[in-house]
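Visitor: here is the input, now give the coordinates:
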Amino acid sequence: MYIYKVIKPTRKQEIIQVAATLFKEKGYSAVSMRDIAQAMHIKAASLYNHISGKQEILSTLILEVAEAFTTEMSAITAETLPTLKKIERVIEIHIDITVNYSENIATLNNDWMHLEGDDLKQVVKMREAYEENFRRIIKQGLSQGEIKPQHPEVILFSILSTLRNLYLWNEKRGKMDVNVLKKDMVAVLIKGII
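Guide: Numbering: from 1, shown residues only. Predicted coordinates for the structure are as follows:
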């Protein structure tokens, strides 16, 4: 018999989760620390015992998924797979991260520009590197004849635009099964380029 220990989130994690939901619903700019405190049924001053402010919350949410995308893309580019398999893996990674971190994705897509200082620079650098790695995969597929001769920027934009908005669509549709999403989205997105 296994005994599972439920790990209760820290107060900081609770604050970040509540804020993530509010950011997703209203947007970063429209949410105050007071709003977060009210949603948690605590006093606003209590939040500062656990977190420095909204900027720390924003950074935590965005950097968590940006780092996940960066790590996964590095693993994909290091693999010796055919181009189409790499593109399939990129799509699957987007689906996994979106399904598991939809609030983070919403914040990344809608509020990244509110980051400040080094965090903003780091996120922009990670996004540019991610897109460049994906662009290289696409260009490799074009040069090897695995992909129809289409402009690589159009392919990149088409796939990433669809994936970046998946969190919105999936919620409106009642959160589809992740395996169905992977199978059907991979098929639809790749069919257009082969």
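Visitor: mind listing the helices for the protein?
Guide: According to DSSP state H, the chain carries its helices in the segments 11-26, 33-40, 44-47, 54-78, 83-100, 102-111, 117-143, 152-164, 166-172, 178-191.
Visitor: from the contact counts, what lies against the helix or strand bottoming out on mean pLDDT in the chain?
Guide: Between all helices and strands in the chain, the lowest mean by mean pLDDT, DSSP states H and E belongs to helix 166-172, at a mean of 82. In terms of contacts (3 or more CB pairs under 8 Å, 6 or more residues apart in numbering; DSSP states H and E), helix 166-172 is packed against helix 83-100, helix 102-111, helix 178-191. All C-beta spots, glycine's among them, are computed from the backbone N, C-alpha and C.
Visitor: tabulate those helices in JSON lines, adding columns for mean neighbour count and mean pLDDT.
Guide: Conversion of those to JSON lines gives the following (neighbours: other CB atoms under 10 Å; pLDDT from 0 to 100):
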{"stretch": "helix 83-100", "mean neighbour count": "20", "mean pLDDT": "94"}
{"stretch": "helix 102-111", "mean neighbour count": "21", "mean pLDDT": "93"}
{"stretch": "helix 178-191", "mean neighbour count": "14", "mean pLDDT": "85"}
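Visitor: OK, contacts around residue 103?
Guide: Neighbouring residues of residue 103 by CB atoms under 8 Å, 6 or more residues apart in numbering: 17, 20-21, 23-24, 61.
Visitor: and residue 165, by the same measure?
Guide: Counting by CB under 8 Å, 6+ apart, residue 165 touches residue 109.
Visitor: gap between it and residue 20?
Guide: Using CB to CB, to the nearest Å, residue 165 is found at 18 Å from residue 20.
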